[in-house]
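In: sharing a sequence plus its predicted fold:
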Amino acid sequence: MTGPLAPAVRAFNQLPLQRRVLLGGVVLGSLVAMLLLARWAAAPDYALLFGNLSATDAGGIVEQIEGEGIAYDLRDGGTSVYVPKEEVYGLRLRLASAGAVPDGPAGYELFDGGTLGMTDFMQRLNVKRALEGELARTIGALKQVQSARVHLVLPERSAFRDQQVSPSASVVLSMGSPLGADQVAGIAALVAGAVEGMTPSDVTVLDAAGRMLTGPEGMGGESGLTSAQLRMRQEIESHLVEAGQSMLDRMLGPGRAVVRVSADLDLSRKESETQEVDPEAQVLISEERQEEVGQGTGATASVRNYDITRRTIREQQEAGGVRRLTVSVLLDEAAPAVDVATPKESGATPFTDAQLGQIESLVKNAVGFDEGRGDRFAVQQIRFNDSAVPFAEEAQAQQRAELISLAARYGVIVLALFLAYRLLRRLADRLQEPAPSPFQIDALASDPLADLLPEPTASAAALGATEPADDDEPATVIESVSDGVYAEKLSDEARLHLADSVDLLSHIAETIDTRPDEAVEVVRAWLREDAEADAALSSQAPRS
């Protein structure tokens, strides 16, 4: 075989059968891995084109996309359309110009066509529809809201104030993420501010599941607390629970104790003013003196005004003071009992009264228990139900297995590419190695490194007999180096070159031993080439 691949084919054919099979498998696996990797890399990166679509709108959009021959993917039950990322913006513009994009509820564009010929009722209805559509668009633009529907009740104005009915509104939200109480209150204020005569209390906000987000049920339940008051109570209770729970977790271990705190707060704001009067202490506040001057005896009159000491104390108490705490502690009866004085596990036995007393004292101090305030405390022990723990551990194990499988999948691809790279590079280096010179073949035939090479066979001896030795000095030098005479005087680089020469000679010896006929033909061909080269040089030499 001739051509640029001939050396590679010859090198492959010279390999043992096992190495050829292994090399073929590695190359085939590398090709498959590269094809899979290329297919994965060439797969389009999909991005959301339109979401939260009705079946009719989604069908119209898909029909337009198929007409343009663009790949698409339907998700979320067919309500979301995904297309390649680079096609999103251009496709949106083309669909909008074609009228296939759903505009949502109509707004003030209802009046673009004019109102000539409309009755008064139709005009009022269009005003209501336009206002509902604009409010729905504004609310739907919020980050947490996917879509919104607004319904307004706009009663006619009455000539009498006592007969006037306030307008009201209902808002239904389809949310992408939960809304906080402040955000719900902001939506109610937005709707109320857009309608004349409406207050936030006239706005009802519901989610897609029908739960009321405003009013007593949505803002604080039956307790009648506002959102700010309920949030204050939850923050205080969470802080106290964390104070007691963290201490028991360190003492008994995680999941072996449960602490719950219910706080009764004084949510009223109080201002008081107190005056303290000291009747024993008098203070001169003013004095009047009159003198009469004349020829006779003068007269003097004076008036002194005194006042008692007063002290005015004004106190202002903000809302949020703790009126009473109710603390409950539940201990796992199967948890190892721990002595607080000498922390040491004593086995999974029920807690003794002394240990319960120690735990009670510690938790009371952690949460700020005040018996004079009327606080109540209860501690009980019971065997916990740990049946849910194996399921949680199984779910975590399954999640870890999925991550490991994903990592292994990409790891195999990377490993296959790495092995293919190393193998191909090694093969390329092998092909770039210079062919052995006749001198090396001659040195091998004379067995200069007998201690490093296997015993020569009869065929190798015959090969050596056919090759004349021109000079014994190189063989003597190599033999001396191989015997260690000059090894200590060589540099590291020279030793590496010597080791490479030994490996090359070993490979040549193995080739001569396994295929002596081919080796003899190669050596004879080299000798013929040298003879022809010498003849050509002698013919070109100038004659004297």
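Out: Sure, I can see it. Numbering: from 1, shown residues only.
In: roughly how far does Ala319 sit from Asp370?
Out: 19 Å (CB to CB, to the nearest Å). Heads up, the C-betas are built off the backbone N, CA and C, glycines and all.
In: quick one: mean pLDDT for stretch 320-337?
Out: Averaging pLDDT along stretch 320-337 yields 82.
In: list the buried residues for that stretch?
Out: 320, 325, 327, 329-333, 335, 337 (16 or more other CB atoms under 10 Å).
In: repeat that for stretch 204-212.
Out: 204-207.
In: which one in those residues is the model shakiest on?
Out: Within the buried residues of stretch 204-212, lowest confidence goes to Asp207 (87).
In: in the sheet, who's paired with that residue?
Out: Leu173 (DSSP bridges).
In: name the SS class of the closest residue to Ala243 other than its chain neighbours, please.
Out: Closest residue to Ala243 apart from its sequence neighbours, by CB to CB, 6 or more residues apart in numbering: Ala366 at 4.6 Å. Secondary structure assignment for Ala366 (DSSP: H, G, I helix; E, B strand; the rest coil): helix.
In: quick one: Ala366 and Met247 touch, right?
Out: Yes: counting by CB atoms under 8 Å, Ala366 does reach Met247; the two are 5.5 Å apart.
In: give me the pLDDT for the residue nearest to Ala243.
Out: 91.
In: any chance of a markdown table for the buried residues of stretch 320-337, columns distance to Asp264 and secondary structure?
Out: Below are these laid out as a markdown table (distance: CB to CB, whole Å; DSSP: H, G, I helix; E, B strand; the rest coil):
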| residue | distance to Asp264 | secondary structure |
| --- | --- | --- |
| Gly320 | 12 | coil |
| Leu325 | 7 | strand |
| Val327 | 12 | strand |
| Val329 | 18 | strand |
| Leu330 | 21 | strand |
| Leu331 | 25 | strand |
| Asp332 | 28 | strand |
| Glu333 | 30 | coil |
| Ala335 | 31 | coil |
| Ala337 | 33 | coil |
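In: those: which two are farthest apart?
Out: Taking CB to CB, the two most distant members of the buried residues of stretch 320-337 are Gly320 and Ala337; they sit 38.6 Å apart.
In: packing partners for the strand ranked longest in the chain?
Out: Using DSSP state E, we find that the single longest strand of the chain is strand 270-292. Contact here means 3 or more CB pairs under 8 Å, 6 or more residues apart in numbering; DSSP states H and E; on that basis strand 270-292 packs against strand 299-317.
In: what angle sits between the strand it packs on and strand 270-292?
Out: 170 degrees (axes from the mean of the first three to the mean of the last three CA atoms, to 10 degrees).
In: tell me what strand 299-317 is packed against?
Out: strand 270-292.
In: in stretch 157-170, what's buried?
Out: Neighbour-count burial for stretch 157-170 [16+ other CB under 10 Å]: 167-169.
In: from those residues, which ones fall inside strands?
Out: Going by DSSP E, the strands hold 168-169 from those.
In: where are the low-confidence patches of this structure?
Out: The chain contains residues with pLDDT under 70 at 1-5, 41-43, 102-116, 215-227, 293-299, 335-348, 386-395, 427-502, 537-544.
In: report the central residue of it.
Out: Per CA atoms, centre = their mean, the C-alpha nearest to the average position across the chain is that of Leu403, at 13.5 Å.
In: now do the contacts for it.
Out: By CB atoms under 8 Å, 6 or more residues apart in numbering, Leu403 lies in contact with nothing.
In: which helix or strand contains it?
Out: Per DSSP states H and E: Leu403 is located in helix 388-432.
In: only the buried residues of the host helix or strand of Gln234, if you could.
Out: Assigned by DSSP H and E, Gln234 belongs to helix 227-252. Within helix 227-252, the residues scored as buried using 16+ other CB under 10 Å are 227-230, 232-233, 236-237, 240-241, 243-245, 247-248, 251-252.
In: swap in stretch 24-37?
Out: Those would be 26, 30, 33, for stretch 24-37 by 16+ other CB under 10 Å.
In: assign the nearest residue to Leu15 once chain neighbours are set aside to helix, strand or coil.
Out: Leaving aside its chain neighbours, Leu15 sits nearest to Leu23 (7.0 Å; criterion: CB to CB, 6+ apart). Secondary structure, three-state DSSP: Leu23 is helix.
In: report the contact partners of Leu23.
Out: 12, 15, 423.
In: hang on, isn't the first one packed against Arg19?
Out: Which is Phe12. No: with contact defined as CB under 8 Å, Phe12 and Arg19 do not form a contacting pair (9.1 Å).
In: neighbour-wise, which of the two wins?
Out: Taking other CB atoms under 10 Å, Phe12 and Arg19 do not tie; Phe12 has more neighbours (14 against 11).
In: distance of the more buried one from Leu362?
Out: From Phe12 to Leu362 the distance is 78 Å (CB to CB).
In: domain parsing for this protein?
Out: By the assignment in the TED database, the chain contains the domains 46-98, 120-156+165-215, 231-268+320-333+350-382, 270-291+300-317, 496-537.
In: what comes up buried for whichever helix or strand comes after the helix holding Gln234?
Out: Next helix or strand after helix 227-252 toward the C-terminus (DSSP H and E): strand 257-266. Buried positions in strand 257-266, judged by neighbour count with 16+ other CB under 10 Å: 257, 259, 261, 263, 265.
In: and what of stretch 59-71?
Out: So for stretch 59-71, counting by 16+ other CB under 10 Å, buried means 60-62, 64-65.
In: now do it: distance to the chain's middle.
Out: Distance of stretch 59-71 from the chain centroid (CA atoms, centre = their mean, to the nearest Å) equals 34 Å.
In: other SSEs contacting the helix holding Gln234?
Out: By 3+ CB pairs under 8 Å, 6+ apart, helix 227-252 packs against helix 181-194, strand 257-266, strand 321-332, helix 353-367.
In: what residues does stretch 64-76 touch?
Out: 44, 46, 49, 51, 58, 62, 80-84, 87, 91, 94-95, 98, 100.
In: mark which of those are part of strands, please.
Out: Going by DSSP E, the strands hold 46, 49, 80-84 from the contacts of stretch 64-76.
In: closest to Ser286 out of those residues?
Out: Ser80 (86.2 Å).
In: wait, the closest one sits on Asn52?
Out: Yes: counting by CB under 8 Å, Ser80 does reach Asn52; the two are 7.2 Å apart.
In: the helix holding Gln234 to helix 353-367, inter-axis angle?
Out: 140 degrees.
In: tell me the gap between helix 227-252 and the middle of its chain.
Out: 28 Å.
In: what of stretch 527-535?
Out: Taking mean C-alpha positions (CA atoms, centre = their mean), stretch 527-535 and its chain are 73 Å apart.
In: equivalent analysis for stretch 120-134, please.
Out: With CA atoms, centre = their mean, you get 46 Å for stretch 120-134.
In: any idea how far Leu152 is from Gly210?
Out: Taking CB to CB, one finds Leu152 at 20 Å from Gly210.
In: just give me the closest of the buried residues of strand 257-266 to Val191.
Out: Leu265 (31.4 Å).
In: so that closest one touches Gln234, yeah?
Out: No: assessed by CB under 8 Å, Leu265 is found out of contact with Gln234, at 10.7 Å.
In: about what we covered before: the buried residues of stretch 59-71 into a markdown table, with extra columns for distance to Gln282?
Out: Below are the buried residues of stretch 59-71 laid out as a markdown table (distance: CB to CB, whole Å):
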| residue | distance to Gln282 |
| --- | --- |
| Gly60 | 95 |
| Ile61 | 93 |
| Val62 | 97 |
| Gln64 | 97 |
| Ile65 | 97 |
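In: tell me which of the residues you listed is nearest to Tyr306?
Out: Ile61 (93.2 Å).
In: quick one: Ile508 is in a strand?
Out: No: looking at Ile508 with three-state DSSP, it is helix, so not inside a strand.
In: all strands of the stretch 1-150 of the chain, in order?
Out: 46-50, 73-75, 80-84, 145-153 (DSSP state E, counting those that start in this stretch).
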